[in-house]
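J.: return atomic coordinates for the entry below.
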Amino acid sequence: METQVENLQQFYVEILKEEGFSPKTSDDRTIGFKYEGKTFFIHIDHDDPMFFHLSSIYGWECKNESEILKTYIAASETNNKAKLVKIIIDEKDDDVFLITTLECLLNFRIDFQTNLRRWLKAFTNAVHLFTKFMYDD
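T.: Below you'll find the predicted structure:
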C-alpha cells in the first residue's frame, strides 16, 4: 500500500508542476502548493487512494463573541450556496480559522488535471461568498 501512496503522491506532484505550481511534499504524504498567495494542501488517504481531499486555512480576526457567532452563520450560509467547497470554523484560544475543504472521488489523471483550476477557483469563490455574508447586512 505504501508504494501506491508514494506513486499517487508523485502523480500529484508531477501534474502540479505541469500546471506551473511548485509543490512541496511532507513526511505524512501531504502536498503543499501556492495559488494566488494562499497555501493549499492535498491530503492523501492511505486507505482510499481514489479519495481526494484539498484544503486551505485562513486566519480570521474576530473581536468579540458576536463576531465569532457571525462566522458560524456566514460559514453555514456559504456551505449552503457554494459549489464543491465547504468551510469549517475552528477556534483555537483567541484565534478563529476558516478551514476550506473540498473532498471527492477521483478518476486520477483525467479528473485531477481537468478540474484542478476549477477547484481552486471554487475556493476563491467560497471565501468571497463567506466575506459577503460576514459584511453584508
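J.: what's the neighbour count on the residue lying closest to D95 once chain neighbours are set aside?
T.: Counting by C-beta to C-beta, 6 or more residues apart in numbering, D95 lies nearest to G59, which is 6.7 Å off, once chain neighbours are set aside. All C-beta spots, glycine's among them, are computed from the backbone N, C-alpha and C. Using other C-beta atoms under 10 Å, G59 is surrounded by 8 other residues.
J.: how near is the most centrally placed residue in the chain to E103?
T.: For the chain, S55 is the residue whose C-alpha lies nearest the centre (C-alpha atoms, centre = their mean; 2.0 Å). Distance of S55 to E103, given as C-beta to C-beta, to the nearest Å: 9 Å.
J.: so in the protein, which helix runs the longest?
T.: Secondary structure assigned by DSSP state H gives helix 108-135 as the longest helix of the chain.
J.: before I go, just wanted to say thanks for your time.
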